[in-house]
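*Asks:* everything below, folded, please.
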Amino acid sequence: MEILHIWISILFLGIMLKWGDWKRWREYYPTVLYMCMGDLIYNFLTKDEKLWRWESPVFTHTFLDMLWIFTIFPAIVIVFLSN
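*Replies:* Numbers count the residues shown, from 1 in each chain. Just a heads-up that it's a prediction; the model follows:
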């Protein structure tokens, strides 16, 4: 199950490379930062009382959060805003 997170991030990066508008990435940059900072602040404020926790024997909860924050969130923002 833990390898699923890696496959999802690779899938979203491929989708971003195919359908994302790379000519205007500077326009989307503030939104990417806003989403990433929002999730980082949420993780910092609720580090002791999470709503859910990733259960994985290989990856830690923090690693999986950072994987989602720095790969999947920017890909989603770029694809969404370019369409």
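*Asks:* next, the buried residues of stretch 13-23.
*Replies:* Met16, Gly20 (16 or more other CB atoms under 10 Å). Where C-beta positions appear, they are placed from N, C-alpha and C, glycine not excepted.
*Asks:* chain center to that stretch, what's the gap?
*Replies:* When C-alpha coordinates are averaged (CA atoms, centre = their mean, to the nearest Å), stretch 13-23 and its chain have centres 15 Å apart.
*Asks:* now that stretch: average pLDDT?
*Replies:* The average pLDDT within stretch 13-23 is 92.
*Asks:* what does stretch 65-79 give?
*Replies:* Rounded mean pLDDT across stretch 65-79 is 93.
*Asks:* let's verify Met16: helix, strand, or coil?
*Replies:* Here Met16 is helix, with the state taken from DSSP: H, G, I helix; E, B strand; the rest coil.
*Asks:* for Val58, same thing?
*Replies:* coil.
*Asks:* surely it and His5 touch.
*Replies:* No. Between Val58 and His5 there is no contact under CB atoms under 8 Å: 9.9 Å.
*Asks:* of these two, which one has the most company?
*Replies:* Neighbours were counted for Val58 and for His5 using other CB atoms under 10 Å; His5 has more, 19 against 10.
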